[in-house]
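Engineer: Attaching a predicted model along with its sequence, questions to come.
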Amino acid sequence: MKAAMTISLKSLALLICLLGAFASAHASFTLDVDGDGTQEPLTDGLLVIRHLFSFTDQALIQGAVNEAGTRNTAAAISTYLEANEASLDVDANGEVDPLTDGLMVIRYLFGFTSTTLTQSAVASDANRTSSEAIEAYLASISVGNSGGGGTSASSYFEDAVSDVILNNCIVCHNASGPASSTPLIYLSSSDENYLASNYETLRSYIAGGGGDTLLSRAQGVSHGGGAVLNSADEDFGILQEFVLRVESESGLGNGGGPGGETPSAYFESTQLLAARETLRRATILLIGRNPTPAETALLNGDEESGLRAALAQVTRDQAFPQFLTRAANDRLLTDAFIDGTPIEQSNINGNGFYPLGSNAQAEIQAQESEESFHWHKYNHWRWGLARAPVELIAYIVDNDRDYREVVTADYMMMNYAVNDFLDGGASFELGDPESLIYCNEMPNEACIDYRTFKPGYHRGQTVLDDQLEFEDTESQGRQITAHSGFIDYPHAGVLNTQAFLNRYPSTETNRNRARARWTFYHFLGVDIEKSAPRTTDPVALADTNNPTLKNPACTVCHQVMDPVAGAFAHYGDVGYYNESWEGLDSLPYNYKQEQPDPASSDTFVAGNAFNVENESYGPNYTLEAELTVGTVYYRVTFNNDYSDEDGDRNARFLSVTVTGPSNQEIIEFDALPEGTTTAGCGGPQSDGYWQYCPGGVLIPVSISEAGAYVFELQAAGQQYGDEPVHLVVSLDTDVEGADRYRYHEGDIWYRDMRDPGFLGLSAPDQVPSLAWLAEQIVADPWFAEAAVKFWWPALMGQEVASAPEVLEDADFEEKLALFEAQNLLITDLAEAFSTGINGGSAFNGRDLIVELMLTPWFRANSAADSNAPSSVLGTRRLLTPEELEAKFFHLTGFYWGNWKDDFSVWTFDARHTKLSDEFKILYGGIDSRNVTRRPEQMSAIMFNIAERMALQSACEIVARDFERPNDQRRLFVETEVQTTPERRFLDSVSVSMSNTDLAVVAELPATLDSGEYLVSLAFTNSDGDNQGHRAARFSQLSIIQPDGSTLTIELESPPQGTSFEGCSGQATAGYQQLNSNCAMNVPLNLTQTGNHSVTLYAAGQQYGDEPVQVSLGLLAALDNQDELRSQLALLHQKLLGETLSIEDPEIDASYSLLTETLDYRRSLGGKHVDQWPMSSCDNHLWGISPLDNTDLNGMKGTWVTVLTYLMTDFRFLHE
Amino acid sequence: MKRRTLLKALSQISALPLIGMPMMSRAQTEDSYTGPLLLQVQADGGWDVTSYCDPKVNQPGEKPITNWSVTAEPLSAGGINFAPFANNQVFFEQYHQKMLVINGVDMQTNSHSTGVLHNWSGRNSEGYPALTALFAAQQAPTLPMPYVNFGGFGATENVIRYTRLQGNSDQLRQILEPNLNYYYEDGGQDEPVYYTSPEQLDLLNEYRRARYERLRQNNQLLSREAQNLDAYVEAFENRTTLKSFVSYLPASDEIIEDTPMIYPNMKAQVQTISAAFSAGISCSADLRLGGFDTHDDHDNQHAPLLSYLNESIDLIWQLAEAGGYADRLTVVIGSDFSRTPHYNSQAGKDHWPIGSVIVMQDNPAWGDRMVGETDPLHNVKHINPTSLQPDEAGGSIIYPRHVHKALRQLVGLNDTALDQRFPFNGTELFSFFS
């Protein structure tokens, strides 16, 4: 269907020819060229394109004109089109061209839309580029409209643009909205003259050269509101068209805004990973392993539904929560408290906020009779608090709970220690002391795995007040003997976990703004710091008069950020709830005590500051002002109170004399007039008014005559130290004045900041503000978009693209296209997430993660042509150390550097490894504090780490895997260690021999064809010392053939062609003795086909308790390339994700490496994988299980090299 | 001040031992780098330049800018003024001849992330690399660790890859020669034990190269895979001289230990990068010290940090002298922005966009000078780009882009393709270094 709708340049030319070749200016141009009241492709459209091809006369109109039309002559049509040629510049490049503008006109009249309308028809220098903008323009010059080409910008605004503004912009761009400090302030449709006003606002902005900025801001470039429109949106096209018209009318060159690729076309030239490969890549990235057969079985070809089901199944793996916590920490960075400085709230030594924890610690200190010792539970408590946010997110996603609980959960995740100290109410099962070694150190404590988290309720904090009592114990721990009741902690998901609050701590001047910023970033997807340009105005920067509330240069951000900061009002600098004394708020003491700056009042009249050094009254501290009739309020404050056991500083006020133009009044402080108010502790004494602590006196003064006034204060200071008493006097016409921004009893938040709230809404007093904020956040569409952005980096290996900021950058268009394409997906996916993806439940995090992995952003794998987007996307991203470690573990069964599978009590995950601990930062990991961003490409140091991992572990992987029965192996299931390129292993049997008398020790039945074989007799445990040694004696092979006959081979004189691997035999009269680990290979020429039975007569020379170990193996002398190539193909698939045939050039290369290495090893003549001084076989399980490093035929060592090659391959390290 | 006096003073401050200096007998490899070197010292959080290199006298009727200036006057060493705060006197008296102080640099922001971005990339919009990244890409991109980053700002914009390091020599030593398992003593000699033979390693490298060529021939690779593939092959091809680093690395007991309450360990970073410079395997690096965001108890928190910073810079030059590369080294020291010229109610200082940048070389002709200027209340002034004198009419405020443009010229980046790829169009060239 799509193909049938395509009009190519070729078919257009044909159309023009077939229809033959043979036209009055109009005030308002439409595409009804022949004036018949309609617009048709094969008349009006054809006339346009012929005209643009310079056809005239009959060639212009033949077969293309409705004779009934008002313009039915060639002359009339030519005149009409020439007069309106500018209106035919559809792509707004300043030129009218038949193969661009003409083609799009005719396509449009045929009903084409979207890319079928514009493909290959938009000039490279076009300013109207998107199909939406072009459609909007063509619609405006269509019959039925007023004639767009001739329509004024004003009319177009009323017809189309106004709705765009009202629907998209006015929510912020209004007089009191977040964008009120910008030039674009619109009136709502209920306001009088809103159309004219809004038109003029937008027109003047564009006419002033802001057209490009307008369009780019709408797309999210340097826009506080993020991306509001996508260039693929119809509304964007309308806005773009309006810009063009205003610019045209204003005499500006057409800008039309940034163009670039439309988001819908972003992946047109890329190919996606097939479903099977997508499943593998996802499974490796999520949990480190290859998909199971059961997961793979859910696939249905390349059907998306099958892939979705398989991916969902993978997320049911028990390792999935580790991905979730890791990904969540990459955003929240709360694991900074795991290895580094612990959360400040976790200090429970005599901590009055946490009496349960403090008393538990004091008790254990008493038991141990010392203050300092390693109490595992204390570590577990610290870790438990630190992990609470990421464990909450993992719990919600992994249990298919409503994702909105991330910020709205009325519980928190606790391990047993946190549960105990916070009285969480969760119950935990006892663990196994054998696997939790810390349990053995303190057997009197409950043995519980600290890595288990459950939902609980924080009921363990009290407030600091008069009821708090302490008692120091003999072991120096502090017992809390009395305290007020426990707080019913108002949980708000992650937002008020101790770790989140402490990771983004506050100060008296920061006032929770960092918490607000990161709340916006993590849960609303908005980076406030990037969202608005900051002032460069030195005056604004030097403004100390509450600029965040008053200065437009600052309010642009702070009016959005500060209400959210206010919602954190109850949480102090490190995050305690209501940490102020008496537990009513978390406002700092300084703020509560601070006297307001009189000059900060909007009704401030005059002020002065004095140092009072005299202790007796005088001299007069004067303040002069011009006053009008009315009441003025005279204030005197004392600001620098200080005292200790050596003395005290106080202020004393006697009188103030007010001298006006024609009168004088003396106000005595011991008889203050009605209406006087006081602040701080103070009061009248026999010799005036004494102010003991910060505060002062506010006196109303009635002014009955305008003019110059002088206020003279008689004051004294009670000195302390070198610093004099500081007094401030001021006049204000408002009784509130500067008090408006001063602390008042009962306040929970700063008066000089905006009230707690969210985007114009105020938090009600009756409910906990943070829980209220959480409800507002999840109701906002940005929350769902933020969720998409939250998980994006962990899956895609990159941050979500941010909008480019500098139009002049050479790569601006490319970055904008990338941003738009991602933003389109994020918006769409967020919408689906909030309503339920594919019919699932709304806000299901698992569904979101699965859906992200179905997108081209995860699956784009190769370029179909050279036009693939040049931005950084696609598969094969560098694995993080954690991902590489998980992949390594699932392939090998152990962790690199985790010797003997030790349980480390010092690390949260209980194991110390090379990749997760020792080389974590060097290999691109983060410590969540100093290093918070992961590199995206490999460095030489990182390659060395990867190579060392391979060199150090490949030997163990190979040796350990060949030790296992074939059906239990992880890697080598297509071959056996005995198989070489020349010999195929058939079967073997291993036996122990404790007897020294020759006897039948092994029988090996086999169904064989006639031909050449080898019997391999190997001795594998030749340990000994100066007390003795072990040896194997092989006497005879007896082969019973299908016809019953017996073929006997005496081994003391074996047949020609017998060879020894790793030693030389010692022939005696009755047997061949092997004194060290080695093998003898005896040729066997069978002439019959059928069932054979091989019997070995042998004996062992014992040493110690361990019997002699030998094996009897049967090999065929055949070319075994196919078997080895199959094994190589399997390794390529398991390690690199490559599905290759055994003839593939990559398998050729790997096989070549194998044979070259085997030749090399054979040249060495050794019989162990490790050959001194090349000692390559470590054993991570050295205390548990020895490793068989014998390598008689060189194949183990060969596989070690092949594995090293593959484990350092680009595709092993990048997925 | 004589060197001995300085060292004595430093040792009194931090008991800084003169350890970790590479022995001069250690031979550089034939491929080692001997060109110019660039170090950026990032004081994260916003340092207080009024307590450092832009000292102010408290003004009558205004809040105190600094507490030290209640009782003291700014000091000077040569042509440079400094605050008598922390161990500044020892430091500036020792190093004034090596340094140019650019005061009054307007970072145009009070936001940490924007300040860091602006100061270290030259503009407050993303998309430009760190100067160190550009420098390494231009000077020596094929070194094993051309550009080292210890955790601070390190945008590369794909002109080069950074190597992330920590100041931990034990970890590094393990992986500089990945095939080396351990040494055993044999007849009084340390003999190496390897994981595999040199022949096998050569064979592996041969097959890796061939594999890369085959993968790279695929013309359908998306740009990410292609770029990562190139990075991968460069990583293993350019590592050949990494093992020469081993002999320069300080032993674990030579690494200067963490200083309480100071994070991360910048002195260990200095020791590590000095070893890399001495070995000729790196040409640029970003060092990072955090903690300067002192919104409360400013003086008590800032003083030890500035002292530690000074000691670290001193260590840079000590080790550069010992390593024989001091005459090739440029050091740039800066921060997100500065701190308010007054204290808040918690005795802290909040964010202030006007900061300073210090550039150091080994006794340059342009050294021992202060350029740029702020007014008595630490507000920015317009400066004439040529005369470098205040010029409200014909001058310009100094922005980071001006500093970067001049620095690019200083370190030989001007008019290179990389310079043109990340241009500072319409930006005056200040004659800081002429």
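Structural biologist: Okay, I see it.

Engineer: so who does residue 66 touch?
Structural biologist: Using chain A. Going by CB atoms under 8 Å, 6 or more residues apart in numbering or on different chains, A:N66 touches A:D34, A:D36, A:E40, A:T43, A:N72. All C-beta atoms are positioned from the backbone trio N, CA, C, and that covers glycine.

Engineer: my question was about chain B
Structural biologist: Applying CB under 8 Å, 6+ apart, we find B:T66 in contact with B:D48, B:T50, B:S51, B:P55, B:K56, B:N58, B:A83, B:F85.

Engineer: again, 7 Å this time
Structural biologist: Contacts here follow CB atoms under 7 Å, 6 or more residues apart in numbering or on different chains; on that basis B:T66 touches B:T50, B:S51, B:K56, B:A83.

Engineer: Where does pLDDT dip in chain A?
Structural biologist: Applying pLDDT under 70 to chain A flags the ranges A:1-28, A:144-151, A:253-265, A:531-553, A:555-556, A:865-872, A:901.

Engineer: what's the next secondary structure element after the lowest-mean-pLDDT helix or strand in chain B?
Structural biologist: Across the helices and strands of chain B, mean confidence by mean pLDDT, DSSP states H and E is lowest for helix B:3-14: a mean of 36. Following helix B:3-14 in sequence order, the next helix or strand is strand B:37-43 (DSSP states H and E).

Engineer: what's the next secondary structure element after the host helix or strand of B:L407?
Structural biologist: For B:L407, the host element (DSSP H and E) is helix B:400-410. Using DSSP H and E, the next helix or strand after helix B:400-410 towards the C-terminus is helix B:417-421.

Engineer: helices or strands next to that next one in the packing?
Structural biologist: helix B:131-139 (3 or more CB pairs under 7 Å, 6 or more residues apart in numbering or on different chains; DSSP states H and E).

Engineer: tell me which strands and helices the helix it packs on is in contact with?
Structural biologist: Using 3+ CB pairs under 7 Å, 6+ apart: helix B:131-139 touches strand B:37-43, strand B:147-149, strand B:284-289, helix B:417-421.

Engineer: Next, format those as a markdown table and append mean neighbour count.
Structural biologist: Output for the helices and strands packed on helix B:131-139, formatted as a markdown table (neighbours: other CB atoms under 10 Å in any protein chain shown):
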| stretch | mean neighbour count |
| --- | --- |
| strand B:37-43 | 26 |
| strand B:147-149 | 29 |
| strand B:284-289 | 27 |
| helix B:417-421 | 14 |
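
Engineer: okay if I get these as CSV plus mean pLDDT and distance to B:P74?
Structural biologist: Formatted as CSV, the helices and strands packed on helix B:131-139 follow (pLDDT from 0 to 100; distance: least, CB to CB, whole Å):
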stretch, mean pLDDT, distance to B:P74
strand B:37-43, 98, 20
strand B:147-149, 96, 35
strand B:284-289, 97, 24
helix B:417-421, 95, 37
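
Engineer: in chain B, which spans are strands?
Structural biologist: Under the criterion DSSP state E, chain B contains strands at B:37-43, B:75-77, B:80-82, B:99-106, B:147-149, B:163-164, B:180-186, B:189-194, B:284-289, B:329-335, B:338-339, B:351-352, B:354-360, B:369-371.

Engineer: what about stretch A:959-979, distance to the chain center?
Structural biologist: 40 Å (CA atoms, centre = their mean, to the nearest Å).

Engineer: Now do the same contact list for the residue of the stretch 201-350 of chain A found nearest chain B.
Structural biologist: Nearest to chain B in the stretch 201-350 of chain A, going by CB to the nearest CB, is A:T270, at a distance of 6.7 Å. By CB under 7 Å, 6+ apart, the contact set of A:T270 is A:P856, A:A860, A:S862, A:A863, A:A864, A:A868, B:L222.

Engineer: what's the distance between it and A:G1183?
Structural biologist: Remark: distance between A:T270 and A:G1183 (CB to CB, to the nearest Å) = 51 Å.

Engineer: what does A:A950 give?
Structural biologist: 24 Å.

Engineer: now do A:Y709
Structural biologist: Where A:G1183 is concerned, A:Y709 sits at a distance of 93 Å (CB to CB).

Engineer: quick one, which of the two is more surrounded?
Structural biologist: Legend: neighbour count by other CB atoms under 10 Å in any protein chain shown for A:Y709 and A:G1183, higher for A:Y709 (24 against 11).

Engineer: quick one: which helix or strand includes the more buried one?
Structural biologist: Per DSSP H and E: strand A:707-718 holds A:Y709.

Engineer: Now do the contacts for residue 295.
Structural biologist: By default, I'm working from chain A. A:L279, A:A310, A:Q313, A:V314.

Engineer: other chain: chain B
Structural biologist: For B:H295, the contacting residues are A:T507, A:T509, A:N510, B:Q346, B:G348, B:D350, by CB under 7 Å, 6+ apart.

Engineer: try A:R859
Structural biologist: Counting by CB under 7 Å, 6+ apart, A:R859 makes contact with A:L272, A:L273, A:T278.

Engineer: Filter the residues you listed down to the buried ones and hand me the ChimeraX line.
Structural biologist: The buried residues among those can be selected in ChimeraX (16 or more other CB atoms under 10 Å in any protein chain shown) with this line:
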select /A:272,273,278
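
Engineer: Which single one of the contacts of A:R859 is nearest to A:D235?
Structural biologist: Relative to A:D235, the closest of those is A:L272; by CB to CB it sits at 30.3 Å.

Engineer: Is A:A294 in a helix, a strand, or coil?
Structural biologist: Three-state assignment for A:A294 (DSSP: H, G, I helix; E, B strand; the rest coil): helix.

Engineer: Distance check, it against A:N1075.
Structural biologist: Noted for A:A294: a distance of 51 Å to A:N1075, by CB to CB.

Engineer: Which of the two has more residues huddled nearby?
Structural biologist: Comparing A:A294 with A:N1075 by other CB under 10 Å, the one with more neighbours is A:N1075, at 17 against 9.

Engineer: Name the nearest residue to that one, sequence neighbours excluded.
Structural biologist: Spatially, and ignoring its direct neighbours in sequence, A:N1075 is nearest to A:A1031 (5.0 Å; CB to CB, 6 or more residues apart in numbering or on different chains).

Engineer: need the contacts of A:R859 in a markdown table with distance to chain B and secondary structure, can you?
Structural biologist: Listed next are the contacts of A:R859 as a markdown table, based on distance: CB to the nearest CB, whole Å; DSSP: H, G, I helix; E, B strand; the rest coil:
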| residue | distance to chain B | secondary structure |
| --- | --- | --- |
| A:L272 | 11 | strand |
| A:L273 | 11 | coil |
| A:T278 | 15 | helix |
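
Engineer: ok, which stretches of the stretch 701-850 of chain A are strands?
Structural biologist: For the stretch 701-850 of chain A, applying DSSP state E, counting those that start in this stretch gives strands covering A:707-718, A:725-732, A:757-758, A:761-762.

Engineer: Now do the buried residues in the longest one.
Structural biologist: Right, the one you point to is strand A:707-718. A:Y709, A:F711, A:E712, A:L713, A:Q714, A:A715, A:A716, A:G717, A:Q718.

Engineer: roughly how far is it from the heart of the chain?
Structural biologist: Per CA atoms, centre = their mean, the centroid offset for strand A:707-718 relative to its chain is 62 Å.

Engineer: does the residue in chain A sticking out farthest from the centre count as helix, strand or coil?
Structural biologist: In chain A, the greatest distance from the average C-alpha position (CA atoms, centre = their mean) is reached by A:A1069, at 75.7 Å. The assignment at A:A1069 comes out as coil when based on three-state DSSP.

Engineer: how about it, what does it touch?
Structural biologist: Residues in contact with A:A1069 (CB under 7 Å, 6+ apart) are A:E1052.

Engineer: Residue in the stretch 201-350 of chain B with the shortest distance to chain A?
Structural biologist: Counting by CB to the nearest CB, the stretch 201-350 of chain B gets nearest chain A through B:L222, at 3.3 Å.

Engineer: Excluding chain neighbours, what is closest to that residue?
Structural biologist: A:G874 (3.3 Å).
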